[in-house]
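> What follows is a predicted structure for the sequence shown.
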Amino acid sequence: MEIFCTNKLNQSINEQVSNLLDICKQYENINGCIFLEDDINYIQDFPCYIYCTISDVLVGFLSIFIPDDTSCEIYAYVHPNYRNRHIFTSMYDKALNLLKATTISDIQIVCEPNSTGEQMLLAKECSNPICECMMKFNHSYCPETHTDFSLIPYNNNTYIELTYNNIILGHCRIDYTKNCATIYDVEIYEENRGKGYSKILINLVLNHIKKSSIVLHVTASNTNALRAYTSCGFEIIDELHFYKISL
């Protein structure tokens, strides 16, 4: 068994990862959520891909999404025929050792509900997970315009402020990949809440983004946000559980 680390995947490894993911999806009847967009990581040169081979066959893969300088998300898969051989543990220990050399302290392992990975974490008595829903924008919905309000973009449209009469009401952040935009960190400031501004912000952002796929994540317990996003044309496409891990 050999463990490798890299910040970029070559074509051969990328194809093997895709094949491994397809096998795990079929075996466990899961959607196979994974992180493969290393170009959006906050720490660009961090070895965010860790994989395991046995006799030159890729049998385990772990990836790390780093949205900022303090937090990360870990995604991992092991071939069904090679489980119970400490493959995940070996990759995970390697990931933690790499993360210890950074400023990251908030670490979460991402699992799909009822997956083998979640069962393993529950067996280890990990803390109760945070349940998040992935929502995708249905382009049949026509976003409202709200001409009295304005968006002010910063940092190449990755940070957006909502304003009214030059007063900043709230903000959101956006990550971009080739064909997709992910909206996150949606916040209306406390003194402006309860007035429908979050829905106005989302509608204006939807008019602002020119991508074929627009997604966001929302905590399942946040019923107000779920209701607001649904009313803006978003539909739930997946559910993920986030387990907080200590270094």
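Right, received. Where do you want to start? Numbering: from 1, shown residues only.
> So in the protein, which strand runs the longest?
strand 234-245 (DSSP state E).
> Adjacent strands (with direction) for it?
strand 106-111 (antiparallel), strand 130-137 (antiparallel) (DSSP bridges).
> Deepest-packed of those, please.
Stretch with highest mean neighbour count among the strands paired with strand 234-245: strand 106-111 (a mean of 20; mean count of other Cβ atoms under 10 Å). The C-beta positions use only the backbone N, C-alpha and C, and glycine is treated the same way.
> Can you give the domain ranges for this structure?
In terms of domains, the chain is parsed into 2-126, 135-239 (source: automatic domain parsing).
> And the longest strand of the chain, what's buried?
Of all the residues in strand 234-245, those buried under the rule 16 or more other Cβ atoms under 10 Å are 234, 238, 240-243, 245.
> Kindly report the same for stretch 43-63.
For stretch 43-63, by 16+ other Cβ under 10 Å, it's 43, 46-52, 58-63.
> so which pair among those is furthest apart in space?
43 and 59 (26.9 Å; Cβ to Cβ).
> Among the buried residues of stretch 43-63, which ones are in strands?
Those of these lying in strands (DSSP E): 49-52, 58-63.
> pretty sure residue 27 is touching residue 81, no?
No - contact between residue 27 and residue 81 fails when scored by Cβ atoms under 8 Å: they sit 9.3 Å apart.
> State whether residue 214 is indeed within a strand.
Yes - according to DSSP: H, G, I helix; E, B strand; the rest coil, residue 214 belongs to a strand.
> Contact partners for it?
136-137, 180-183, 206 (Cβ atoms under 8 Å, 6 or more residues apart in numbering).
> Any regions of the chain where pLDDT drops low?
123-125, 127 (pLDDT under 70).
> Which stretches in it count as strands?
Using DSSP E, the strands of the chain run over 2-6, 49-54, 57-65, 71-78, 106-111, 130-137, 150-154, 159-164, 167-176, 180-188, 213-219, 234-245.
> ok, the second one: who's next to it in the sheet?
For strand 49-54, sheet partners with direction are given as strand 2-6 (antiparallel), strand 57-65 (antiparallel), following DSSP bridges.
> Tabulate those strands (TSV), appending distance to residue 201.
As requested, the strands paired with strand 49-54 are exported to TSV (distance: least, Cβ to Cβ, whole Å):
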stretch	distance to residue 201
strand 2-6	38
strand 57-65	24
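> Of the ones you listed, give the one that comes closest to residue 93.
Nearest to residue 93, of the strands paired with strand 49-54 and by Cβ to Cβ, is strand 2-6 at 9.1 Å.
> Would you pull up how far that closest one lies from the middle of the chain?
Centroid displacement of strand 2-6 relative to its chain, using Cα atoms, centre = their mean, to the nearest Å, is 23 Å.
> now stretch 213-224
12 Å.
> end to end, how far does it reach?
23 Å (Cα to Cα, to the nearest Å).
> again with stretch 170-189
5 Å.
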